[in-house]
Every structure is written in structure tokens, then in C-alpha cells.
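Novice: Could you look at this predicted model? Sequence included:
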Amino acid sequence: MMVALCADVFLGVFSRYVLRSTFTWYDEIARLLFVWIVFLGAAVGVRRRAHFRLHLVTDRFAPPARRAAEVLSELAIILLGAVLIQQGWKIVELGEFQQTPVMGLSKRWVYACMPVGGALIILYSLPHLWQAVSAVDPHAPSRP
């Protein structure tokens, strides 16, 4: 998607400044790809545990409290994914009656990134939640 986005934006800039006639469709494709990249990238961030966490605070907790914070953190991420699915699906349904102005694509394709991203966030959070819940020794040193 990133390669397609870069190629699309390049074609848009090329058409505007070299050909002096802008392709009318490049902006819609760029917006569609960018929105999908954001939601899929958020899911990848959850999978890699690259999302924002307050290590400065949680590293000062006692091991049982640190473990509880990890579990609560994963539960909050799963809740966010559920909200993205639930609210995203409502928006997808609204997109049935909307089309992009130039290409006439259904906006459902744009809005579908929310429930798909939410489902992937939940899917990628479950192993982390299982790992946090099933830690053998709550008094063991924390993982880096």
C-alpha cells in the first residue's frame, strides 16, 4: 500500500507540474490508501508492542502491580479494537449511500478500514493478554 501511495502521489505531482494538467483521481486514491495504512499500521504497532506505554510509571511498580498494569493495558487495547469494530461498522453502513466525487467508489471501501483495523488490533492483542495473565511468577523481574 505504501508503494502504491508513493506512486500515486508521484503521478499527481508529475501531472500537475510537468504535464500542467492534474489527474483528477490521484487525490482520492491517496486518501483511501493513507487511511488504510493508518489503521493497518496501528494493528501492526499493537502486534509489535510499539504502541505508547508509560514505562516510566509502570517500571516503578512492584511486580504484582506491574503485571496488573500490563493486563489492564491489554484490556484497554482490546476495548479500543471493539469500539473501532462497533462504531466503524455503523460508519461502513452509512458509506453505502456515499460515493467518492471523482471515481464514484463506494465510501464503504474507505470506511471499512475501521472495523478491519479494530479486528486486527484485537487479534494481535490476545497473545499479549494471554502472556500477561498466565505469567508463572508474579514476583519475577519484569521483561525489558
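Specialist: That came through fine.

Novice: average pLDDT for stretch 87-94?
Specialist: What stretch 87-94 shows for mean pLDDT is 95.

Novice: Now do that stretch: everything it contacts.
Specialist: 107-108, 111-115, 117-118 (C-beta atoms under 8 Å, 6 or more residues apart in numbering). (C-beta placed from N, C-alpha, C; glycine too.)

Novice: and the helix or strand R16 falls within, what does it pack onto?
Specialist: R16 belongs to helix 2-17 when assigned by DSSP states H and E. Helix 2-17 sits against helix 26-47, with contacts defined as 3 or more C-beta pairs under 8 Å, 6 or more residues apart in numbering; DSSP states H and E.

Novice: quick one: the helix it packs on to helix 2-17, angle?
Specialist: 150 degrees (axes from the mean of the first three to the mean of the last three C-alpha atoms, to 10 degrees).

Novice: which helices and strands sit right next to the helix or strand of the chain with the lowest mean pLDDT?
Specialist: For the chain, counting by mean pLDDT, DSSP states H and E, helix 55-58 ranks last in confidence among helices and strands (a mean of 77). Counting contacts by 3+ C-beta pairs under 8 Å, 6+ apart, helix 55-58 packs against helix 63-94.

Novice: Many thanks, we can stop here.
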